[in-house]
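Colleague: Need coordinates for the below:
(3 chains)
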Amino acid sequence: MVLSAFVVPDETSWAVWGHDIAADGLAIAGSPEGADVLVVPGHLPDGLSEAVKSAWASMPRRRRLIVLAGPLIEGADVRTLLDGNGHARVSQEGHRHQHDDPVADEHGHDAHGHDEHEHEQHEHGHDEHEHGQHAQEQDAHDHHAMMEVTGEPSADGLVMEDLEFELGPLSAVLPGGVMATLTLDGDVVESCGLRATLVSADLRVPDPLACAAWSAIQRDTEASMGRVFDVELERAVSHAAWLTRLGRVLGWAELADGARRILGHALSAREGHHEALRESLRAAERLHGRLECSRRLRFRLRGRAVVDRGTVEAYGLTGPAARAAGVAFDARVDDPAYGALGFAPALRAAGDAEARTLVRLEEIAVSLGLALRGLDHGADAPAAPAIEGPRGPLRHNAVSGGLEASGAAALLRVAGERAAGLEWSDAIAAITSFDLSGWRVAG
Amino acid sequence: MSNWTPLAVLAVALAGALAVALLEQLVGGLRPAPIAILRRAAALLDEPLSAPHRPDAWLYHLAPPLLLAAAMLALATVPWAPGFRGIDLSTGAILFSAALAYVSPAVFMAGWGSGAPLAVLGGFRFLALMLAYAMPLAMVVTAVAAPAASLRPTAIVEAQDSVPMLVSQPLAFVLFVPAAMAVALLPPFDLAHASAELGGGALGHYSGVHAALVGLAQRVLVVAVAGMTVTLFLAGWHGPLLPPAVWMVGKTVAVATLLLWGARRVPRPPLDWLVAWTWKLAIPAALGVIVWGGLVTLLFYR
Amino acid sequence: MSDLATALVFWPAAVLMLLTGVYVFRTSSMARAGLLLLASLGIEGLIFLALASEFLGVLQVLMMSGEMVIMVFFMVMFMADPGGLMGMDMTHDKRRSAGVAVLIAVLLAAVAVLTDWPAAMVEGDGRSIEQIGFEVMGRSMFSFLFAGVTILFAMVGGIMLAQQGGRLGLPAPAGEPRDETERER
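Modeller: Numbers count the residues shown, from 1 in each chain, chains lettered A, B, ... in the order given. Predicted coordinates for the structure are as follows:
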C-alpha cells in the first residue's frame, strides 16, 4: 500500500521525460477520486487546464500536489491555476528523485496534505462548497450522457441503447491529451473517434514527446553521432514506457515489470551512465525472447486491430504501425549515419496488435544496439532533414518553422476505426497498441 | 462459538490482511515494509469522509462495509485448528459460498454508486463474471463435502486425515482455484476494477475510510479463499510433527503466495471469452465433478 | 438460542424486511429496487437462521444473492429509466392491485395461523435425509422438472419479448431481415 498518484498527462509521458513514477514509490491511480497525489508538469498546455482543475477538485480532501520538472511547455502555470481553485501547497522537485523507502516520501508529503486540509476547513469553506457543486454538475453531465439513447441492434444481436460519452483528455485509460468520443453498446464499442488535444504554444518544442528528436534536427552537423545516440535512446525509452503501459492495460504485471526494468536502465543511460545501456539491452533481449513465442501475448493480441498493407498506404501511416504491416517506411534507411552502423528496420507482416508489440520490442533492442555502436563508433555524420522519431518520421517545416509529424493524425483515425466493434477491453488494448500521442503539431 | 469468537475472527482478519499486503510487496519484487502499510492505513482512516453528491450516494457508502462484511463472514467459516474456528455450523461450507455471494452485489453497488460510466461498466462486468462463477464454486464445494458426508468444514478436514481431497478430486481443485481468485478480486479476473482499462473501475473512486475498508476487504478475501482452499483440498491442519495451527497457517500462506504470484503472470482475458468458457466448459465440468465426488465417496469413503 | 435472543433478532429483522420490501416499490430506480429486494430477502434468510432453521437460512441467503443480482442485471438492461432519473412510478393499477395484495396477505396469514402444524421434531439422522432424496428423485420429480422447465421457458420468452423493443419499448425496426426470420419462426 503506497500513495496512489493521478498522473497528468500520463505516466508514459513522464517516463519519456525522465521520471518513472512507479519506481519513485507511487502507485498509478485510475481516477482522481481515488488518488492521493496529483502529479503535474509546471506548465499546462491549453487543452489540459480545465481537465486538471476538475481532476483536482474531485480529489479527496487530503490531497497533495507534486509538480515535476518536465519539458518546456508554454501554457498556464499550474500553481496559479490550482491556487485559485484549491489552495494547493506545492513541492517543487527539480529532478528525478529515487526513494528506496516509500515511507520517507509519504511522510514528507503528508505534512503538506495536512496543512492544506486545515487551511481549507477553517478559512475557505466557501471554496469547498463550490467544488462540491462543480463535481455535481459533472455527474449530472455524465448521467445525461448516459441517457442519450438510440436503439440499433449491435454485433452481439441484442437490442440495447447506445451509451454516448466522452473520455479524456485526462483519463487513465487513454494516453494523456487524447480525447475519445465513444458510443458504447453494452460493453461493445460501437464507434470511437479519437483526437489529440494538446498543442504547445511554444513552437520550439511542438511535441514534448519527441524532444531529443526535435533538438537533433535543430542541431548543427558537428555533434552528429550524438544525434544517433540521442534519437535511438529516446526511441528505446519511449517504446519501453509504452510497453509498461501495455502491461498495465492488459493487467499483466509480469510484462509491466520486464518493461520497467528496460526503462529504468535506459533512463539512467540517458542521464549519462552509459554502462547501463548494456544492462538495458540485456533486459530487452530477454523480454523479446520471452514474448516472441509467448502464448499469452498471442492469446491476448493476435489478430486484434489488424492494419494491413493497403490501409497503411491509403492512410499514409508511418512508424512502427506501418512496419508491423510489412511496409518498410523508415527515415533511418536513407540516413548515411545509420548505414555506417549497419541498420536494418524491424519488420512484421501480420499488422495486428501483436505484431506492433513485437516490432517495438525488437526496435528497443535494435536502438540500444545502435546507441552502443554509435558511442563506440564516434564518427561524424551530417544532420538529416528528417529523423525517425519513436512514432514516425519528424521533419522540419521551413515555412512554419515548426515540426511535421506525418502520419500522426492518420494513426488517430485508424486507431479509432479499429476500436469500433470490439469489446471494451479489446478496444482499449487495440487503441493502446497504436501508441498514440496526445500532442498535435500547431498550425 | 463463544463471546470471543467475533474478536478472534477480527484478529485473524487484521493479521491476515497485513500478511497478504506484505506478500503482495514480496511477490511484486518490492522490499516488504510493514510500517509503511500500517502508516498508510492510519492515514486513510484519518482522512475526512468524502461525501459525493450523487443520486445513489447511499449505495456508494454501503458498498465497502458490505464487501468487508462478506469477506469477514467467509473468513469466519475457515477452521484454523481443532479447537480454534470462527463459526462452526453444520452448513459451514454453504455459508462460505453464501458469504462470497455478497461480494458481487457489493462491487455492483460500488460501481453504480460511483456514477461514472466506466465504473458502472466495471460493476456489470463483475456481475456477469460472478454469475458464471458462482455455480462452479458452489457445486465444487458440494462435491468435496460428499466424502466427508458433511458440509461442516471441520468434518471435511477430518475426512482428509489420510488422503487430501486434492488427490482424490483433482478436477474439483482445478475448477475451484480460478473461481476463488475471481471472487477474491485478484487479477487476471480483476475485470471490475482494472485501473488502466476502466480508469479505476468500480472500486477506483474511493478514498479515505472507504478506500481503507475496500483495501482491507480485498485482502481478507484472499485470506479467506486461501484458507478455504486449504480446508477443502489440502487436508487443513493435518500434517506431521508440527502443531495443527502451524500447518494450517503455513499452508494458507503458501496458497496465498501462489495465488498472488499467479495473478501477476497472466494477462487479463476479455470478459466474453471468460464468460463463454465458464458457461460452456466449467459448469458442465462441475457437474462431472459432482458425479466423480459421488463415485469416490461410494468406492472409498464408506 | 434462547427465546429472548430469537425474539430480539426476529422482530427487528421482520420489520426491516417489510420496510425494505415496501421501499422496493417506492423507488423509481431499477438498480435500487433490485438491491432493496435483495436486502429484504437476505434479511428473511436471517430470520430463518434466528428460528434455528439453519440449512434453509443459509440457503436462502446464498440463493437470494445470486437471484436478485440476476434480476438487477435484467431490470437495468430492459427497463426504462434504470437510474431512476425520470421518476418512474413502479406501481400500476393501484386500487385493484392493492386489494389483491391485501386479500392474498390475509389468506396466507389465515393459512399460517389455522394450519395444524406438526409439533414433533424430526430426528436429524440420515434416514430423513434419505427419505427426502428418494422423494425428490422419485415421486416428486415430475413436478420439480415441470416447474423448472416452465421457469426456464418463462425467462427465455420474457427476454425474447423484451428484446424486441429494447428498453424504451420502441417498435421493432421494420424491414430488417433479422426480424423477419424471427417472425417466421
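Colleague: Can you name the element that comes right after the strand or helix carrying residue B:142?
Modeller: Following DSSP states H and E, one finds residue B:142 within helix B:117-148. Using DSSP H and E, the helix or strand that follows helix B:117-148 towards the C-terminus is helix B:153-158.
Colleague: ok now do the residue lying closest to residue A:242 once chain neighbours are set aside, which residues does it touch?
Modeller: The shortest distance from residue A:242 to any non-neighbouring residue, by C-beta to C-beta, 6 or more residues apart in numbering or on different chains, is to residue A:435 (4.9 Å). Every C-beta, even on glycine, is put in place using the N, C-alpha and C of the backbone. Residue A:435 sits next to A:175, A:238-239, A:242, A:320-321, A:356, A:360, A:390-391 when contact means C-beta atoms under 8 Å, 6 or more residues apart in numbering or on different chains.
Colleague: what do you get for residue B:264?
Modeller: A:252-254, A:257, B:27-28, B:187.
Colleague: Tabulate the residues you listed in CSV, adding columns for pLDDT and secondary structure.
Modeller: Listed next are those as CSV, based on pLDDT from 0 to 100; DSSP: H, G, I helix; E, B strand; the rest coil:
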residue, pLDDT, secondary structure
A:252, 93, coil
A:253, 92, helix
A:254, 92, helix
A:257, 92, helix
B:27, 92, helix
B:28, 87, coil
B:187, 89, coil
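Colleague: check whether stretch C:21-41 contacts chain B.
Modeller: Yes: using C-beta under 8 Å from any C-beta of the partner chain, stretch C:21-41 reaches chain B at C:29, C:31-32, C:35, C:38.
Colleague: How about that stretch, which residues are buried there?
Modeller: The neighbour-count check on stretch C:21-41 (16 or more other C-beta atoms under 10 Å in any protein chain shown) flags C:21, C:24, C:27-41 as buried.
Colleague: one step back: tell me the one among the contacts of residue A:435 nearest to residue B:53.
Modeller: Taking C-beta to C-beta as the measure, residue B:53 lies nearest residue A:175 of the contacts of residue A:435, at 30.2 Å.
Colleague: Which strand or helix spans residue C:42?
Modeller: helix C:30-50.
Colleague: anything in that helix near chain A?
Modeller: No: shown here: helix C:30-50 not in contact with chain A (C-beta under 8 Å from any C-beta), separated by at least 12.6 Å.
Colleague: quick one: low-confidence parts of the stretch 101-250 of chain A?
Modeller: Within the stretch 101-250 of chain A, the ranges that satisfy pLDDT under 70 run A:101-161, A:200-208, A:214, A:216-225.
Colleague: burial of the nearest residue to residue A:254 once chain neighbours are set aside, as a residue count?
Modeller: Of all residues not flanking residue A:254 in the chain, residue B:265 sits nearest, at 4.9 Å (C-beta to C-beta, 6+ apart). The tally of other residues near residue B:265 (other C-beta atoms under 10 Å in any protein chain shown) stands at 13.
Colleague: What of residue A:316?
Modeller: With other C-beta under 10 Å as criterion, residue A:316 counts 14.
Colleague: give me the element the residue lying closest to it once chain neighbours are set aside is part of.
Modeller: Excluding the flanking residues, the one nearest residue A:316 by C-beta to C-beta, 6+ apart is residue A:410, at 5.3 Å. Applying DSSP H and E as the criterion places residue A:410 in helix A:408-419.
Colleague: what's the average pLDDT for that helix?
Modeller: Averaging pLDDT along helix A:408-419 yields 93.
Colleague: Contacts for that helix next, please.
Modeller: Helix A:408-419 is contacted from outside by A:178, A:180, A:189, A:191-196, A:305-307, A:311, A:315-319, A:321, A:391-392, A:427-428, A:430-431, A:434, A:436-437, A:440-441, using C-beta under 8 Å, 6+ apart.
Colleague: so where do the strands sit in chain A?
Modeller: Ranges of strands in chain A, per DSSP state E, are A:4-7, A:27-28, A:37-41, A:43-44, A:64-68, A:76-77, A:90-93, A:162-167, A:178-185, A:188-196, A:386-388, A:393-396, A:403-405.
Colleague: Output these in a markdown table, with distance to residue C:160 and mean neighbour count appended to each entry.
Modeller: Shown next, in a markdown table, are the strands of chain A (distance: least, C-beta to C-beta, whole Å; neighbours: other C-beta atoms under 10 Å in any protein chain shown):
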| stretch | distance to residue C:160 | mean neighbour count |
| --- | --- | --- |
| strand A:4-7 | 45 | 25 |
| strand A:27-28 | 44 | 18 |
| strand A:37-41 | 50 | 25 |
| strand A:43-44 | 53 | 23 |
| strand A:64-68 | 54 | 23 |
| strand A:76-77 | 56 | 16 |
| strand A:90-93 | 60 | 14 |
| strand A:162-167 | 22 | 18 |
| strand A:178-185 | 19 | 22 |
| strand A:188-196 | 20 | 21 |
| strand A:386-388 | 56 | 22 |
| strand A:393-396 | 55 | 20 |
| strand A:403-405 | 52 | 22 |
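Colleague: what's the closest of the ones you listed to residue B:19?
Modeller: The minimum distance between residue B:19 and the strands of chain A falls on strand A:27-28, with 19.7 Å, by C-beta to C-beta.
Colleague: which strands and helices sit next to the closest one?
Modeller: With contacts defined as 3 or more C-beta pairs under 8 Å, 6 or more residues apart in numbering or on different chains; DSSP states H and E, strand A:27-28 has these neighbours: strand A:4-7.
Colleague: what lines up beside the strand it packs on in the sheet?
Modeller: Applying DSSP bridges, strand A:4-7 is found paired with strand A:27-28 (parallel), strand A:37-41 (parallel).
Colleague: Can you lay out those strands as TSV showing mean pLDDT and distance to residue B:257?
Modeller: As requested, the strands paired with strand A:4-7 are exported to TSV (pLDDT from 0 to 100; distance: least, C-beta to C-beta, whole Å):
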stretch	mean pLDDT	distance to residue B:257
strand A:27-28	88	21
strand A:37-41	90	30
